[in-house]
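> Predicted model follows, preceded by the sequence.
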Amino acid sequence: MRYATPKTAAEAASLLMEDAARVLAGGTDLLVQMKSGRLAPETIVDIKHLPGLRDITREDGGFRIGAAVSGAEMGEHTDLVAAWPGVVEGVNLIGSTQVQGRATMAGNLCNGSPAADGVPAQIAAGAVARLEGPEGTRDVPVAEIPTGPGKTSLKRGEFVTSIFLPARPERSGDAYLRFIPRTEMDIAVAGAAVNLVLGADGTVAEARVALGAVAPTAMEVPEAGAALTGSKLEDPAIEAMVDAVRAACKPIDDKRGTVEFRTHVAGVLAKRAARIAFARAGGQA
Amino acid sequence: MAFDETKHDYKVIGTRPVRPDGIDKVTGRALYGADLSAPGMLTAAILRSPHAHAKIVKIDTSKAEAMAGVKAVVTSRDFGLPEDQDLRDTQDNCMARDKVLYDGHAVAAVAAINAQVAKAALKAIEVEYEKLPHVIDVDDAMKGDAPLVLEGRALETVPEGWSQNVTNYCEFGHGDLDDGFARADLIVERSFKTGATHQGYIEPHACLASMGPDGRGELWCCTQGQYMVREVCAGIMEIEASQLKVTPSEIGGGFGGKTTVFIEPVALALSRKAGRPVKLVMTREEVFRASGPTIHSSTDVKIGMTKDGTITAARADLRYSGGCYPNGTCEMGAQAAFAPYDLKAVRTYGWNALTNRPKEISYRAPGAPTAIYAVESVVDEMCQKLGLDPVDVRLKNAADKGTKSSYGVTFEDIGLKATLEAAKAHPHYTAPLGPNQGRGLSCGFWFNFGGNASVTLSVNTDGTVNVTEGNPDIGGSRASISMIAAEELGIGYDRVRTIVADTTSIGHSDTTDGSRVTFTVGLATIKAARDAKTKMCARAAALWGIDPEAVEWVDGAAQPSGPNAGKFPPMSLAEIAAVSFQTGGPIAGHHESNADGAGVSFGVHLCDIEVDPETGASKVVRYTVFQDAGKAIHPDYVEGQLQGGAVQGIGWALNEEYIYGEDGILQNPGFLDYRVPVASDLPPIDTVILEVPNPGHPYGVRGVGETSIVPPLAAIANAMSRGAGVRLTQLPMSPPRVLSALMAKG
């Protein structure tokens, strides 16, 4: 097994073209998978040493978050937390305090878990991932990265270098909630992120609702967002949103939860996340 | 040894000195099972069955044996066939002979120069299996057409007509049930199921084994009983007990799960074959798949009660499965089920059925939590239906001194009523509840064991004392034993150091189980200390030239017993010890005995939970444990036992269970999906220690380690019923189950 620390994106992409090569950022998924015997990579490409990969930078009023930025670093970035509290709280739910010192938002995305806590709020935020690969750089909406459990749309040799969260208009707020049977150290049984922008009159002008752990990938539910638009989260709007969420759920039955449970709880979480996001946007019910 | 009514002015007993193992544990100096290495040591790994039930057609180890760095490979062919059936089962569990009986059952093992080579060698072993139908659920296993896990293993007591999987049967009780039920105003009959749980000790099983060419062996391992390990391993290795020295490591939790062996005979067999020391450490996944979880259960309870809350008749049918080998845990469940009640008509029936699950081993009060969960759930439902206070009903029917228990024993002084009264008087019982909150209560019980113990108490010439005993310290026993020795000798706690010895350094001691150590080893320590005091008095008498009977031990010193004995200044322990080489040689006290008189233990738990009506998630918001300790030697440790048991019971009630797929494969062999509570899941666990002296101990000590895991299951179920309006009859009460019940209720 080889451990490489490339200094340029091109070098990293070239290493990733080799057989059984894997990206190492925080390593909180990769090392666990190697230890359990699920993965036996021949080349490990540590991207932490690439320029900019550990930086959070302002860009066009938004934030570019390097693929090796840890959850803890995001949580300590005051401006980022103020602008995208839902995205940050999703990332900060991954693993334990110790894991937060290593785990990255990009890694959480590229691991491809349908239950990834870091992903639904990114989708609701309209986040865009920047990819480097043998054919150069391209930008892809985060929503298009996961394609199924453990699978992504990344091409051979490609890896994420950063994720861009756009500028926030006034009167906006987001939130992420997940359900786990205990209070921490667990994997989401269902998750819901809501991102709202309010108009000057305090009604919802734009709404995006994204779910985790209820389908093969985290996904946006446009009908749920539409149900909230134009409302101040009055009961009928919330009920319509919850119905849309539940209609979109296609979960599995497994040791962590039943289809019925996941579907029901996804609606409950979306409702609660919407109320938090609305309050964060300064909304008055 | 009877309770000493006259002695109440303890100097050391009842204080809270610093624990003797604390610094070693927090600095990493303590040596656990995996911490010892030896020159030339090999690393071992075990190949395990991927099937729930299969015939082993062929095992070909030749490719693994030929690999560079592989020094030994063993299969069942490397073991004999013990005559003793229990020993044969234990051996078969460590290395499957003809069939694999559960997912994770060991089939072969290798010892190699490092872990990587060992792992690669496991992959090179070819095992041909012929899959067999499997059975996982106890009720399925008892049916006549169930796949048979083992044949011909039913005890003679098992009635005709059951599947051969039913190996054990028992019944207890007295009185006329029909008459009792006829006198009831209300009869409630319910069925309950509980999942199998695991002790969840932090430290996986680990050992270092070394067998010499002369047939002598040494074994360092993490265990609750080095003598048990020695008997079992010597039996399997076909050597004499004296030839195997077993040293217990520091232990990272046991809770009953380390009262048997899973890997030690395999490590010894590999070492014998390789001629080198072998270290074998289980992974967490192996611990879940192939150590010993609890029974899972299916229980019917029927109780009759009059309108004023008097129980007129009670019956329980307990169907337990302890996995793939026979076991008698159902007997403990059937005895414990109605222990808190004074009943005129009571009957319990217990069955054990084999299933394709790992071999059960003890977990804190084995058999009792699931039995009492079912009984206390029904009692609570009847209190609700009749509009009666749950404490009052329990007090009305409570077992007391002189009660003939449901399992035949007549109780001596017991603390059940005291704990119930303490619960009723506690502010928790009447504190206001918030929205979606409910308060539940349950009694608990455990027998407590006595048994064999050996203690040597050596008086050093510098005035310090070493106590040598044979019981691994899983709950603070080294502190308690030192305190008892200090109390008896009249010296400071800091003058005494207690160590747990290997099998060659002190006589036999039974395994650390049954909440027996503080009682039994404590008793032996008292007697060893008194033996030493007698000897020290004799030394003083010799120096003074008076009769030994004319000397008594007072406040840590020998002194003449009265004016007629002579006038000499008292000689302290240190003074006598300092001249001991001139007065007859080293001084030590001993005691070896088989103790009885371990008093039973009762407890009551009170808990408030809050249920999220939209998700079924429940949160324990307040919890108070009331338990009779007889006499708390070191109250911190007693409180720790009460809290620890409560927490394990909370996990059992809410989230922990072995989950199997249709294929009979364990779905959650890890702490991610086998959910023990984490710190943030729990409120502070308050404790109230009652002290109703055990008449069988001079200080009144009762074991305290196990009773505390018994009440939480029903206490939480009862709180949920009262807070959320749903009574769950299946454990764990995981959020999907609770939500489903809430939605069905509407």
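Ah, there it is.

> Please count neighbours and contacts with C-alpha atoms only from this point.
OK.

> Mind telling me which residue of the stretch 401-550 of chain B is nearest chain A?
B:N436 (16.6 Å; C-alpha to the nearest C-alpha).

> pretty sure that residue is touching B:G725, no?
No: checked against C-alpha atoms under 8 Å, the pair B:N436 and B:G725 is beyond contact range at 9.5 Å.

> for chain A, what spans make up the strands?
Taking DSSP state E as the criterion, chain A carries its strands at A:2-4, A:21-24, A:43-46, A:56-59, A:62-66, A:128-133, A:136-141, A:146-148, A:151-152, A:159-165, A:172-179, A:190-198, A:204-212, A:219-220.

> deepest of the ones you listed, which one?
Burial of these is given as mean neighbour count (mean count of other C-alpha atoms under 10 Å in any protein chain shown); strand A:190-198 ranks first at a mean of 31.

> now check that strand, is it near chain B?
No: residues of strand A:190-198 contacting chain B under C-alpha under 8 Å from any C-alpha of the partner chain: none, with a closest distance of 10.8 Å.

> which helices and strands sit right next to that strand?
helix A:85-92, helix A:120-125, strand A:172-179, strand A:204-212, helix A:259-280 (3 or more C-alpha pairs under 8 Å, 6 or more residues apart in numbering or on different chains; DSSP states H and E).

> Try it again at 6 Å.
Applying 3 or more C-alpha pairs under 6 Å, 6 or more residues apart in numbering or on different chains; DSSP states H and E, one finds that strand A:190-198 contacts helix A:120-125, strand A:172-179, strand A:204-212, helix A:259-280.

> a markdown table for these, including distance to B:P693 and mean pLDDT?
Output for those, formatted as a markdown table (distance: least, C-alpha to C-alpha, whole Å; pLDDT from 0 to 100):
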| stretch | distance to B:P693 | mean pLDDT |
| --- | --- | --- |
| helix A:120-125 | 60 | 98 |
| strand A:172-179 | 47 | 98 |
| strand A:204-212 | 57 | 98 |
| helix A:259-280 | 50 | 98 |
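
> Just put those in CSV and tack on distance to chain B.
Formatted as CSV, the helices and strands packed on strand A:190-198 follow (distance: least, C-alpha to the nearest C-alpha, whole Å):
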stretch, distance to chain B
helix A:120-125, 20
strand A:172-179, 8
strand A:204-212, 16
helix A:259-280, 6
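
> host element of the closest residue to B:S708 other than its chain neighbours?
In this structure, B:S708 finds its nearest non-sequential neighbour in B:G645, 4.6 Å apart by C-alpha to C-alpha, 6 or more residues apart in numbering or on different chains. Per DSSP states H and E: B:G645 is located in helix B:635-654.

> Follow the chain on from that helix and name the next helix or strand.
That would be, after helix B:635-654 and using DSSP H and E, strand B:685-690.

> Indicate which one of the strands of chain A is closest to A:T97.
strand A:172-179 (17.4 Å; C-alpha to C-alpha).

> List the strands paired with the closest one, with their directions.
Strand A:172-179 sits in its sheet next to strand A:190-198 (antiparallel), going by DSSP bridges.

> Just want the angle from the strand it pairs with to strand A:204-212.
170 degrees (axes from the mean of the first three to the mean of the last three C-alpha atoms, to 10 degrees).

> From the chain's centroid, how far away is strand A:190-198?
12 Å (C-alpha atoms, centre = their mean, to the nearest Å).

> got it, and stretch B:586-595?
Worked out by C-alpha atoms, centre = their mean, stretch B:586-595 lies 26 Å from the chain centre.

> for stretch B:32-47, same thing?
27 Å.

> Stretch B:679-695 too?
For stretch B:679-695, the distance to the chain centre is 18 Å (C-alpha atoms, centre = their mean).

> got the angle for the helix holding B:G645 vs strand B:685-690?
Using the same axes, to 10 degrees: helix B:635-654 against strand B:685-690 is 120 degrees.

> From the contact counts, what lies against helix B:635-654?
helix B:712-724.

> How far away from the center of its chain is the helix it packs on?
Distance, centroid of helix B:712-724 to centroid of chain: 25 Å (C-alpha atoms, centre = their mean).

> Need the residues that contact it.
With contact meaning C-alpha atoms under 6 Å, 6 or more residues apart in numbering or on different chains, helix B:712-724 is reached by B:373, B:376-377, B:436-442, B:646, B:649-650, B:653, B:727.

> What of stretch B:491-510?
B:245-247, B:452-454, B:464-470, B:478, B:482-483, B:486, B:556.

> Of these, which ones also sit close to chain A?
Among these, none lies close to chain A by the criterion of C-alpha under 6 Å from any C-alpha of the partner chain.

> Which members of those occur in helices, if any?
B:478, B:482-483, B:486 (DSSP state H).

> Which among the strands of chain A is found nearest to B:K567?
strand A:172-179 (78.7 Å).

> which residues are contacting the closest one?
A:86, A:90, A:188-197, A:273, A:277, A:280-281.

> which residue packs closest to B:W553, ignoring adjacent ones?
B:Q559 (6.3 Å).

> again, but for A:R256
A:V189 (6.1 Å).

> Equivalent analysis for B:K404, please.
B:K404's closest residue in space is B:T410 (C-alpha to C-alpha, 6+ apart), at 4.3 Å.

> That neighbour: neighbour count?
When neighbours are counted by other C-alpha atoms under 10 Å in any protein chain shown, B:T410 registers 13.

> just checking, it touches B:T403?
Yes: under the criterion of C-alpha atoms under 6 Å, B:T410 makes contact with B:T403 at 5.5 Å.

> gap between the residue nearest to B:S708 and B:L728?
22 Å (C-alpha to C-alpha, to the nearest Å).

> Between the two, which has more neighbouring residues?
B:G645 (25 against 19).

> any idea how far that one is from B:H591?
Counting by C-alpha to C-alpha, the gap from B:G645 to B:H591 is 31 Å.

> What of B:L31?
For B:L31 relative to B:H591 (C-alpha to C-alpha), the value is 28 Å.

> Who has more neighbours out of these two?
B:H591 (20 against 16).

> Would you double-check that the more buried one falls in a strand?
Yes: the assignment for B:H591 is a strand, going by DSSP: H, G, I helix; E, B strand; the rest coil.

> which residue sits closest to it, ignoring its sequence neighbours?
Counting by C-alpha to C-alpha, 6+ apart, the residue nearest B:H591 is B:A528, at 4.9 Å.

> Spell out the secondary structure type for that neighbour.
Recorded secondary structure, B:A528: helix (three-state DSSP).

> That one touches B:E592, doesn't it?
No: using C-alpha under 6 Å, B:A528 is not in contact with B:E592; the gap is 8.5 Å.

> In terms of packing, which of those two has more residues around it?
Taking neighbours as other C-alpha under 10 Å, B:A528 and B:E592 compare with B:A528 leading, 25 against 19.

> show me what contacts that one?
So, once contact is read as C-alpha under 6 Å, 6+ apart, B:A528 ends up touching B:589-591.

> Just give me the closest of those residues to chain A.
Looking across the contacts of B:A528 and measuring by C-alpha to the nearest C-alpha, the closest to chain A is B:H591, at 48.3 Å.

> all helices of the stretch 151-300 of chain B, in order?
With helices called from DSSP state H, counting those that start in this stretch, the stretch 151-300 of chain B shows them at B:177-182, B:226-237, B:264-274, B:284-290.

> and among those, the most buried is which?
Most buried of those, by mean neighbour count (mean count of other C-alpha under 10 Å): helix B:264-274, with a mean of 26.

> In CSV, could you pull the C-alpha coordinates for that helix?
Extracted in CSV, the C-alpha atoms of helix B:264-274 (Å, rounded to 0.1, in the frame of the first residue of the first chain):
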residue,chain,number,x,y,z
GLU,B,264,-8.3,-19.1,26.1
PRO,B,265,-8.3,-22.9,25.2
VAL,B,266,-7.7,-21.9,21.5
ALA,B,267,-4.7,-19.8,22.5
LEU,B,268,-3.3,-22.6,24.7
ALA,B,269,-3.8,-25.1,21.8
LEU,B,270,-2.1,-22.8,19.4
SER,B,271,0.8,-22.2,21.8
ARG,B,272,1.2,-25.9,22.4
LYS,B,273,1.4,-26.6,18.7
ALA,B,274,3.7,-23.6,17.9
